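1. Turn this into a structure:
(2 chains)
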Amino acid sequence: MAGHESHPPAPPKPRATPEEMRERKRLSRQRVSDDSEFITVSMGPQHPSTHGVYQAVVDLDGEIVVNARPSIGNLHRGVEKLAEVKSYHRFLPLTDRLDYISSFAMNHAYAEAVEKLMDIEVPRRARYIRTIGDELCRLSNHLLWLGVHVMDFGAQTFFLICFRDREYVLDLWEMLCGARLTHSYARIGGVAADLPDGWVEKCRAAMEFMPRRLAEYQRLVEKNRIFLKRTVGIGIFTREDCVAWRVTGPSLRATGMERDLRKTEPYAAYDEVDFDVAVEYDADVYSRYLVRMKEMYESCRIILQCLDQLPEGDYINQDAPSQTFPRKKQVMRDSAAMVQDFMQTFRGPKVPKGEVYKAIEVPKGEMGVYIVSDGTSIPQRLHLVTPTFYHCQATPALFEGEMISDVVGIFGSVDIVLGDSDR
Amino acid sequence: MDSTGEQISDALKSVFGKIEEKFGARLLGSSVFRGELTFLVAAEDLVEVATYCKAGLGFDRLEFLTGNHYPERLEQPFEVAVHLTSMATNDRLRLKVPLKEGQKMPTLSSLWPAANWCERETWEMYGIEFEGHPNLIRLLTDADFEGHPLRKDFPVRGLVGGRIRTDLKGKI
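-> Now for the predicted structure:
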C-alpha cells in the first residue's frame, strides 16, 4: 500500500474566509467605465477551447467581460423523450452518451435511481465493482480535464502526456467490458459481468503507478509561473454563488464546502472505504485544479482499498427475477434463466408506481435522476439532472468582470462536457 | 398524511409538521414514497411556500425544476415538480404544482437563479409559461422549432425540416 498514501506537499496557501473571498471577488470585478461602448465577441461553437459545441457571446468593455450569453443545445438528442418509449433496461446504454468522458458514472447514477424505485438490493461484490468503476471514471475524466485545461493555457505537450496515462485507465475498461468510452457496464441490480481473470492485478499495478505520475504532473504544473499567474486569484466563484446557481462537484469544494455525496449520502461501497474529501478554500481556478488533483490521489487510494477488500459473491442481484437480468453464463444452460433473460429483454422489469430522485457524485458534480413511474415497465417521465447543464448556466456569472483572456481558463476550470448539458 | 406506509427521517418529519402547520388547508396534499416527502401546492401559493422553505426551513438550493404531462388527467394535465435541497442537512423536498392547460406558473428565478434555465427548458418542452421570467426563449431545440416535444401527444418519430434561418440573425 506504499506510494498512494501521502500527498506531495502543496504550496502553502492562506485560508480565506467567505468575507475575504467576496472582497477579492469585488476587487477583481471592477468595471473599467460605465459609458464606453461594448464590443461583442462570439466564442464558439466550434472553437477548440469551448470543449464542445458551446457558444458564448460576450460583451466586452475594453478587455473586461461585462456580460456573457451562453447558448447550448447544439447536441440535443431528446434522451428524455426516448426514455418514455424504452423499458428501464433498454434505456441504460443511452445514459452513456450523456457525459461520454465518464460514462460508467452515468450508468451508475441511472441504475442507483432505478434500484431505489424498485427497492432492490445490490450484492456487496457488485457495489465494490461499481465503486472501482466510478473511481476509474473519475481518474480518466480528471486526466482528460487536466490535459485540456493546461492546454488552454498553451501547454500542448502536457495534453499528450495526460492522454498517455489515461490510456492505462481506458485499457482497464477495455479489458473489463470491451469498450473504452461508452461502457454500458452497469445493470439494474448489479453490473454486466464479473471482473475478468488478471484484471485485479493489472488494476492494482496501474493504481500503484498512477500517484507517481500525478506527482510528476504536479511538479510540471505547479512550478510553472505562467500557469500560476493565470490561475491564482482568477475566476472566483463564492460559496453563495455556487449554492444559488447549483454549481456542484469540485467547483463547490474549491470554496471550502465539504459536500461530497460519497460522504453525505453514501452509496455503493463508499461507506466501507477510507478516503478524504478534497477541499480548498480560495474558490479560484487554481483551487479547482488542486481539488481535482487531490481527488485523483484519493481515487487511487479508494480503488486500492476496494481491490484489497473485494468480497466474493454475485455480481448481479439474483433474488428479484422479475426485475433484473440473470447471470449471462446461465442463460444458455438453465431454462428458467433463459426465460428470465427473454422476459427482461422484451417485456422489461416490473416496477412499482411512484416517483424517486437519486443523486450520486459523478466526476463533474452531482448527477441526479428523477423517475416518475406509473407501474409499467416504461418510465412515465425520466428527467436527468446533469451537472454541466447548471455549470453552463452559471458561466455568465463566472465570466463577468474577468479579462477576456481568462475566459478560456475559467471555462476550462469548471469542466464541461456538452453531451451532459444538452441531453 | 397520504402515506404509503413508508418512513421518513425525523428531520423531514419536523419539516412536514412545520409546513403543514403554516399552510395547512392551502396545501392540496402530501405523500411519502421511498423516504421522499412531496407536497402538492397550488400555483398561486408556490412562491410563498418556496420562500418559506428557503428562508424558514433552510432549503437553500434548488435541485431542479421540471414538468410532466398526464393526458389522462382531463382537468389538470400538466405538473411542475420543484426539488429543493438543504445544504446543511442534505434533506430533500419536492413541491408539485398541478396545472391546467394554458395556466401560467409563477417564476422562481428571482429566488434561485438556477431556476432560469430549468424554467426555459420546461416551457420549451411542455409549453408551460412562467410569469415574470426574464428570458423565456428556446434553450435546447432550434429557435424555429415548433411544438413542445415532451408532451405525450408529440410523436417520437417524424421529420421536421432542418433549414438555416437567416432572418433570426442577431436575435439569438
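2. Show me which helix runs longest in chain B.
-> For chain B, the longest helix by residue count, based on DSSP state H, is helix B:10-23.
3. what's downstream of that one, the next helix or strand?
-> strand B:29-33 (DSSP states H and E).
4. and that next one, is it in reach of chain A?
-> Yes - contact between strand B:29-33 and chain A, assessed by C-beta under 8 Å from any C-beta of the partner chain, occurs at B:Phe33. (Each C-beta comes from the backbone N, C-alpha and C, glycine too.)
5. Now do that strand: which elements does it pack against?
-> strand A:353-362, strand B:2-3, strand B:36-40 (3 or more C-beta pairs under 8 Å, 6 or more residues apart in numbering or on different chains; DSSP states H and E).
6. what's the neighbour count on the residue in the stretch 101-250 of chain A that chain B sits nearest to?
-> Among the residues of the stretch 101-250 of chain A, A:Arg246 lies closest to chain B, at 4.1 Å counting by C-beta to the nearest C-beta. By other C-beta atoms under 10 Å in any protein chain shown, 27 other residues sit near A:Arg246.
7. and chain B, which of its residues are near chain A?
-> So chain B meets chain A at B:4, B:33-34, B:36, B:38, B:60-64, B:66, B:68-70, B:81, B:83, B:87, B:90, B:92, B:94, B:112-114, B:116-117, B:125, B:138-142, B:149-150, B:152, B:154, B:156, B:172 (C-beta under 8 Å from any C-beta).
8. quick one, strands of chain B?
-> Assigned by DSSP state E, the strands in chain B fall at B:2-3, B:29-33, B:36-40, B:61-69, B:78-85, B:92-99, B:105-106, B:130-131.
9. Please render those strands as a markdown table that adds mean neighbour count and distance to A:Arg219 to the earlier fields.
-> As requested, the strands of chain B are arranged in a markdown table below (neighbours: other C-beta atoms under 10 Å in any protein chain shown; distance: least, C-beta to C-beta, whole Å):
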| stretch | mean neighbour count | distance to A:Arg219 |
| --- | --- | --- |
| strand B:2-3 | 10 | 58 |
| strand B:29-33 | 17 | 52 |
| strand B:36-40 | 20 | 47 |
| strand B:61-69 | 24 | 38 |
| strand B:78-85 | 23 | 39 |
| strand B:92-99 | 22 | 42 |
| strand B:105-106 | 22 | 54 |
| strand B:130-131 | 16 | 51 |
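10. Of the ones you listed, which is nearest A:Arg333?
-> strand B:29-33 (38.7 Å; C-beta to C-beta).
11. how far away is the residue of the stretch 101-250 of chain A closest to chain B from A:Thr95?
-> Distance of A:Arg246 to A:Thr95, computed by C-beta to C-beta, to the nearest Å: 20 Å.
12. elements contacting the longest helix of chain B?
-> Partner elements for helix B:10-23 (3+ C-beta pairs under 8 Å, 6+ apart): strand B:36-40, helix B:46-56.
13. Tell me which of these approaches A:Arg90 most closely.
-> strand B:36-40 (25.5 Å).
14. what packs against that closest one?
-> Counting by 3+ C-beta pairs under 8 Å, 6+ apart, strand B:36-40 packs on strand A:353-362, helix B:10-23, strand B:29-33, strand B:92-99.
15. 7 Å instead?
-> Helices and strands touching strand B:36-40, by 3 or more C-beta pairs under 7 Å, 6 or more residues apart in numbering or on different chains; DSSP states H and E, are helix B:10-23, strand B:29-33, strand B:92-99.
16. Using CSV, list the CA coordinates for that strand.
-> Provided in CSV are the C-alpha atoms of strand B:36-40 (Å, rounded to 0.1, in the frame of the first residue of the first chain):
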residue,chain,number,x,y,z
GLU,B,36,-39.0,11.3,-0.1
LEU,B,37,-41.5,13.9,1.0
THR,B,38,-43.8,15.5,-1.6
PHE,B,39,-46.2,18.4,-1.2
LEU,B,40,-48.9,19.3,-3.7
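17. Pairing partners for it, with directions?
-> strand B:29-33 (antiparallel), strand B:92-99 (parallel) (DSSP bridges).
18. any idea how far B:Lys22 is from B:Leu65?
-> For B:Lys22 relative to B:Leu65 (C-beta to C-beta), the value is 22 Å.
19. do A:Gly178 as well
-> From A:Gly178 to B:Leu65 the distance is 38 Å (C-beta to C-beta).
20. what stretches of the chain score poorly on pLDDT?
-> In the absence of a named chain, this looks at chain A. For chain A, the stretches with pLDDT under 70 are A:1-36, A:45-51.
21. um, chain B though
-> For chain B (pLDDT under 70), the answer is B:1-6, B:159-172.
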